[in-house]
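please find the sequence and the predicted model below.
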Amino acid sequence: MLTVCIEGLWIVRKTIGPGSSPTVVGKVMPLEFHESGERGGSDHLFEVSLVIISSRIARGILSVVKNHASGLVLDFAFVLEGVSANELPEAVLGAFRIHNLDPIECSELPEFHEESGLSTISEREEEEDE
């Protein structure tokens, strides 16, 4: 994943960096997978979530960014990593932009419990209901 700060205060741009070094997700931050609906059906959904709160570095970046989020424009790109020569050049899987996000208006995220062994947020919610 590559992150670039397009607009924002210098402290945020400095904290995020120039976007030249990718974060290898799945190694630095764990992934959660959720699937619902019938495969091949119109209601099929496959979701991959990054658990950014599990990374000390990501939490540090987030603590700087969240206080200035309403004035930020951030670009994110997910790049498929090429491991062997026949997988090069690497390709962008998808990209998105966050523009002037207001964290006060965002819903609260669930806590991350690495020791629980649960693989999805919905499983955590089901466990809490029991």
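That came through fine.

list the contacts for the residue nearest to the spatial centre of the chain?
In the chain, the residue lying closest to the centroid (C-alpha atoms, centre = their mean) is Leu50, at 4.3 Å. Neighbouring residues of Leu50 by C-beta atoms under 8 Å, 6 or more residues apart in numbering: Met1, Val25, Met29, Pro30, Leu31. C-beta coordinates here come from the backbone N, C-alpha and C atoms, glycine included.

hmm, which of those are the buried ones?
Met1, Val25, Met29, Pro30 (16 or more other C-beta atoms under 10 Å).

the first one touches Leu80, doesn't it?
Spelled out, it's Met1. No - applying C-beta atoms under 8 Å as the test, Met1 and Leu80 come out as separate, 11.0 Å apart.

before we move on, the earlier item: please report phi then psi for the residue nearest to the centre of the chain.
When read as degrees, to the nearest 10, the backbone of Leu50 gives phi -90, psi 130.

go on, Phe46?
phi -130, psi 120.

need phi/psi at the nearest residue to it once chain neighbours are set aside.
Leaving aside its sequence neighbours, Phe46 sits nearest to Glu35 (C-beta to C-beta, 6 or more residues apart in numbering; 5.0 Å). Glu35 adopts backbone torsions of phi -130, psi 140, taken as degrees, to the nearest 10.
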